[in-house]
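Participant: Generate a structure from the sequence data that follows.
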Amino acid sequence: MPVLQLDSIGKQFGGHWLFRNLNLQIEPGNGLAITGPNGSGKSTLLHCLAGLVRPDLGQMKWSESPIGRPAMASPGMELPGEFTLKELLDFHFTLNPMLGGYHPMEELEAAGLRAKASLQVQYYSAGMTQKLRLVLALLSESSLLLLDEPHSHLDAHGQNWFQNLLAKVSTGRCLVIASNDSAEYSLCRKTLGLQG
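Facilitator: Next up is the predicted model:
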């Protein structure tokens, strides 16, 4: 199974280092929680891991070729609002192969999202949108699963659904969760605290 190695990773904005000289291995099955105060770089580090932001220092490398693109869910991640639920699911899983044995509509129903497949995503509540983001990430076949404050906008039922699904789909994958809520990263065995 591929392992992601971070060698002296660093990122700065406006001359201020959010983090630098980070050296660690992200291994399948262990899970890494990134904690720290607001502005310490938790989300930025996730964006670096996803390939959305380039680090200013260091490099990231896989021990072997990873499966798929990094799968990410973040409360600030925009979804195309003009798409219907069915259109978005079809579009996403055409670009990103789906984990075998799962069906996104069934998982969304289990999460309590009872939207019609023909409803445009722009009419979703914040909680409905977050459940959709999570399903898109969790069910994408990928070696790297990146989650930023996954409980955002979820009620108790939604949080329980998420934790149960995460336990099933994170096996054998590199999992990174950015959060200061230990309930969100209970499956992670390692913690990285950023100071900002």
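Participant: which residues in this structure form strands?
Facilitator: Ranges of strands in the chain, per DSSP state E, are 4-13, 16-26, 32-35, 57-62, 71-73, 144-148, 174-178, 190-193.
Participant: Using CSV, list the CA coordinates for the first one.
Facilitator: Listed in CSV are the C-alpha atoms of strand 4-13, where the atom choice follows Å, rounded to 0.1, in the frame of the first residue of the first chain:
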residue,chain,number,x,y,z
LEU,A,4,2.9,9.5,1.6
GLN,A,5,6.2,11.0,2.8
LEU,A,6,6.5,14.7,3.6
ASP,A,7,10.1,16.0,3.6
SER,A,8,10.6,19.4,5.2
ILE,A,9,7.3,20.8,3.9
GLY,A,10,6.8,24.5,4.5
LYS,A,11,4.3,27.2,3.4
GLN,A,12,4.3,30.9,4.0
PHE,A,13,1.9,33.8,3.3
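Participant: tell me the average confidence for that strand?
Facilitator: When pLDDT is averaged along strand 4-13, the result is 95.
Participant: before we move on, what about the fifth one?
Facilitator: Per-region confidence: strand 71-73 scores 98 on mean pLDDT.
Participant: Given that strand, what are its sheet partners and their directions?
Facilitator: strand 144-148 (parallel) (DSSP bridges).
Participant: burial of the nearest residue to Val53 once chain neighbours are set aside, as a residue count?
Facilitator: Once flanking residues are discounted, Val53 sits nearest to His47: 4.1 Å by CB to CB, 6 or more residues apart in numbering. Every residue, glycine included, has its C-beta placed from N, CA and C. Number of residues near His47 (other CB atoms under 10 Å) recorded here: 21.
Participant: With Val176 instead?
Facilitator: Burial of Val176 is recorded as 27 neighbouring residues (other CB under 10 Å).
Participant: how about the helices in the chain?
Facilitator: Assigned by DSSP state H, the chain shows helices spanning 42-50, 85-95, 104-110, 126-138, 156-169.
Participant: Let's have those helices in TSV, adding mean pLDDT and distance to Met1.
Facilitator: Output for the helices of the chain, formatted as TSV (pLDDT from 0 to 100; distance: least, CB to CB, whole Å):
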stretch	mean pLDDT	distance to Met1
helix 42-50	96	17
helix 85-95	95	23
helix 104-110	94	24
helix 126-138	96	18
helix 156-169	97	15
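Participant: a markdown table for those, including distance to Val176?
Facilitator: Listed next are these as a markdown table, based on distance: least, CB to CB, whole Å:
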| stretch | distance to Val176 |
| --- | --- |
| helix 42-50 | 6 |
| helix 85-95 | 20 |
| helix 104-110 | 21 |
| helix 126-138 | 12 |
| helix 156-169 | 12 |
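Participant: Many thanks, have a good one.
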